[in-house]
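Participant: this one's sequence-less:
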């Protein structure tokens with residue numbers, strides 16, 4: 001069994017797939033959500049509220065309601081420093097930005113918008129919040145990123161980052177979500193708003209140079225001199241995302257041999273190759289979406305791409321092609337903890353429950369503590385902030401790590417820094433991350449992994465999130481004794497919103513997506529492809545039985 005792959009997967013997007021941008025924008029302004037319909041209410045998943053205006057799940061009313069709720073949350077918490085706001089290149093991001101600004105200005109929030117109307121990657125915003133808050137105990141900054149991440153072109157999204165700089169925790173998002181839905185129910189009658197042109201001229205709206213502030217600090221986290229001196233030839237595909245203008249600035253500032261293979265910004269994302277399910281999705285961890293850059297791999301020493309808000313990375317090498325995220329995370333961890341002597345000897349390795357056990361093996365070899373948490377980068381924020389985590393990563397190609405001196409860099413995912421780290425590794429190790437991963441497999445064994453995705457209704461997602469160990473009837477997994485069944489993460493004891501079943505040489509985890517109406521089964525085997533297939537078949541049977549059970 002495997003995910004059903006579309007015949008369009010990996011091929012250039014046909015015209016029929018391209019979003020009708022004028023119609024999408026008209027729907028944003030004209031269609032009103034019905035708060036009596038669950039799918040049309042404000043709902044914060046693992047990374048903010050997301051949806052599409054066509055389905056009344058991301059419309060002007062949602063953004064106005066969420067923005068007012070954030071203003072009230074800030075007041076309630078005494079957060080009165082500047083609010084940094086950034087957008088990506090999705091078609092719905094600009095109108096959502098305008099709607100948010102109308103509310104922020106009407107509420108008198110000191111707001112920092114990007115100089116020159118520049119797009120703003122998620123990590124640049126997290127970095128800006130932390131830089132401003134360093135050494136302060138009052139007047140703290142926070143932020144909003146308007147992005148649905150790598151999701152399709154008809155999607156919009158909005159996420160809130162509190163003063164810790166990372167994705168808001170569930171206690172924050174629950175409050176904002178509930179208040180925003182009250183506004184929807186009351187037809188926005190308590191939402192404060194002024195016209196956009198007046199908002200732009202408000203004395204509380206300021207311009208901030210996110211781009212240069214971020215680019216100029218990269219030398220604090222990466223050995224840019226080593227990359228430059230080794231003359232590493234790099235290729236980057238911004239996938240039409242928010243960092244599209246950052247790469248030229250990085251190359252110029254640090255004298256790098258870096259080629260931007262695609263500078264296009266187009267809200268239809270017509271330059272993409274189609275993802276596994278026949279949809280356009282700017283996912284740098286998908287070999288289907290990354291076909292263009294993979295086809296150029298022999299032109300560069302190392303190549304990379306980032307998703308639309310540049311908080312995810314994809315690494316392409318000559319011999320390995322696109323590295324699976326788990327492979328690169330293991331390489332990055334192995335390298336960083338041996339090449340950052342100023343990091344604390346107590347700094348742990350952070351990983352999510354569905355990331356590879358190769359990371360566990362590398363971490364054990366390094367003599368470091370492993371901190372394993374549920375899916376969602378918010379679980380890493382405190383550890384990154386206090387320095388107890390040197391590195392944090394998740395299997396969906398999100399990661400960040402400490403500065404060279406052990407200071408915090410970002411508390412949200414950063415796609416740019418892990419991408420450039422691939423060049424640093426290549427420069428200092430004289431071999432690329434693909435070659436280093438092969439060395440790790442010789443030391444620890446080769447792991448085979450797969451992720452199966454399938455559609456799921458909100459009710460099915462709820463059932464999967466509440467899976468219990470009692471719903472696994474067998475004592476064995478693919479012929480091996482089951483050693484553990486987890487419904488809570490070992491690192492922090494938090495519910496994983498699903499189940500993880502572990503045997504000696506393999507495991508699987510099943511959970512609903514926090515951002516899309518799908519569920520995912522992750523599986524891994526250190527005994528080969530046939531063993532992996534058996535794990536997936538048995539995992540699917542458990543999921544099918546759970547979904548078929550009477551509610």
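Facilitator: Looks like it came in fine. If you're wondering where the values come from, they're calculated on a predicted model, not measured in any experiment.
Participant: tell me which helix or strand of the chain sits lowest on mean pLDDT?
Facilitator: strand 44-45 (a mean of 86; mean pLDDT, DSSP states H and E).
Participant: list of residues touching that one?
Facilitator: Contacts with strand 44-45, where a contact means C-beta atoms under 8 Å, 6 or more residues apart in numbering, come from 159, 168, 173-174, 176-177, 513-515. For glycine as for every other residue, the C-beta is placed from the backbone atoms N, C-alpha and C.
Participant: can you classify residue 235 by secondary structure?
Facilitator: strand (DSSP: H, G, I helix; E, B strand; the rest coil).
Participant: ok, it to residue 218 distance?
Facilitator: 18 Å (C-beta to C-beta, to the nearest Å).
Participant: same check, this time on residue 251
Facilitator: With distances taken as C-beta to C-beta, residue 251 is found 11 Å from residue 218.
Participant: just residue 413 next, same as before
Facilitator: For residue 413, the distance to residue 218 equals 16 Å [C-beta to C-beta].
Participant: returning to what we had before: so which of the contacts of strand 44-45 is the most crowded?
Facilitator: The most crowded member of the contacts of strand 44-45 is residue 159, carrying 26 neighbours; neighbours defined as other C-beta atoms under 10 Å.
Participant: who does it form a beta bridge with?
Facilitator: residue 145 (DSSP bridges).
Participant: residue 541: which of the contacts of strand 44-45 is nearest?
Facilitator: Among those, residue 513 lies closest to residue 541 (C-beta to C-beta), at 20.5 Å.
Participant: what pLDDT is listed against the closest one?
Facilitator: At residue 513, the pLDDT value in this model is 83.
Participant: again with residue 543
Facilitator: Reported pLDDT at residue 543 in the predicted model: 87.
Participant: residue 550 now?
Facilitator: So, for residue 550, pLDDT stands at 68.
Participant: now residue 200, nearest residue through space, not along the chain?
Facilitator: residue 101 (7.1 Å; C-beta to C-beta, 6 or more residues apart in numbering).
Participant: how deep is that neighbour tucked in, by neighbour count?
Facilitator: 23.
Participant: same question for residue 80.
Facilitator: Other residues close to residue 80 by other C-beta under 10 Å number 16.
Participant: so what's it up against?
Facilitator: 74, 110, 139-140.
Participant: just say helix, strand or coil for the nearest residue to residue 389 once chain neighbours are set aside.
Facilitator: Closest residue in space to residue 389, ignoring its immediate chain neighbours: residue 383 at 3.5 Å, by C-beta to C-beta, 6+ apart. Secondary structure, three-state DSSP: residue 383 is helix.
Participant: just the element for the residue nearest to residue 200, please.
Facilitator: Counting by DSSP states H and E, the element that carries residue 101 is helix 93-106.
Participant: can you tell me the strand partners of the helix or strand that comes right after that helix and which way each runs?
Facilitator: Next in sequence after helix 93-106, counting helices and strands by DSSP H and E, comes strand 111-114. Each strand paired with strand 111-114, and its direction, by DSSP bridges: strand 83-87 (parallel), strand 205-208 (parallel).
Participant: and the least confident helix or strand of the chain, which strands flank it?
Facilitator: strand 48-52 (antiparallel).
Participant: would you mark the buried spots in the helix or strand following the strand it pairs with?
Facilitator: Sequence order places helix 60-77 as the next helix or strand after strand 48-52, per DSSP H and E. Buried residues in helix 60-77, defined by neighbour count with 16 or more other C-beta atoms under 10 Å: 60-74.
Participant: then stretch 507-523?
Facilitator: Quick answer for stretch 507-523 (16+ other C-beta under 10 Å): 507-516, 518-523.
Participant: ditto for stretch 530-538
Facilitator: Applying 16+ other C-beta under 10 Å to stretch 530-538 flags 531-536, 538 as buried.
Participant: ok, stretch 38-46 next?
Facilitator: Under 16+ other C-beta under 10 Å, the buried positions of stretch 38-46 are 40-46.
Participant: quote the end-to-end distance of it.
Facilitator: Terminal residues of stretch 38-46 are spaced 17 Å apart (C-alpha to C-alpha, to the nearest Å).
Participant: how far does that stretch sit from its chain's centre?
Facilitator: 18 Å (C-alpha atoms, centre = their mean, to the nearest Å).
Participant: same check, this time on stretch 206-219
Facilitator: The answer for stretch 206-219 is 21 Å, by C-alpha atoms, centre = their mean.
Participant: other residues contacting the helix of greatest length in the chain?
Facilitator: For the chain, the longest helix by residue count, based on DSSP state H, is helix 529-548. For helix 529-548, the external contacting residues (C-beta under 8 Å, 6+ apart) are 1-2, 448-450, 452, 460, 463-464, 467, 471-472, 474, 477-479, 499, 501, 505-508, 510, 519, 521, 523-525.
Participant: out of the residues you listed, which are buried?
Facilitator: 448-450, 452, 460, 463-464, 467, 471-472, 477-478, 499, 501, 505-508, 510, 519, 521, 523-525.
Participant: contacts only, for the closest residue to residue 334 other than its chain neighbours.
Facilitator: Distances taken as C-beta to C-beta, 6+ apart place residue 362 nearest to residue 334, at 5.0 Å, with adjacent residues excluded. By C-beta under 8 Å, 6+ apart, the contact set of residue 362 is 330, 333-334, 440, 444.
Participant: quick check, residue 362 in a strand?
Facilitator: No: checked against three-state DSSP, residue 362 lies outside a strand; its state is helix.
Participant: before we move on, the earlier item: could I get the buried residues of stretch 38-46 as a markdown table with distance to residue 405?
Facilitator: Shown next, in a markdown table, are the buried residues of stretch 38-46 (distance: C-beta to C-beta, whole Å):
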| residue | distance to residue 405 |
| --- | --- |
| 40 | 48 |
| 41 | 45 |
| 42 | 40 |
| 43 | 40 |
| 44 | 34 |
| 45 | 35 |
| 46 | 31 |
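Participant: would a markdown table of the contacts of residue 80 with pLDDT and distance to residue 301 be doable?
Facilitator: Compiled in a markdown table, those are given as follows (pLDDT from 0 to 100; distance: C-beta to C-beta, whole Å):
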| residue | pLDDT | distance to residue 301 |
| --- | --- | --- |
| 74 | 98 | 46 |
| 110 | 98 | 44 |
| 139 | 98 | 45 |
| 140 | 98 | 42 |
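Participant: and the residues you listed, which is closest to residue 257?
Facilitator: Checking the contacts of residue 80 one by one against residue 257 (C-beta to C-beta), the nearest turns out to be residue 140, at 40.0 Å.
Participant: touching, that closest one and residue 77? I think so.
Facilitator: No: Residue 140 is beyond contact range of residue 77, at 9.3 Å (criterion: C-beta atoms under 8 Å).
Participant: would you mind measuring from residue 341 to residue 225?
Facilitator: Residue 341 is 16 Å from residue 225, by C-beta to C-beta.
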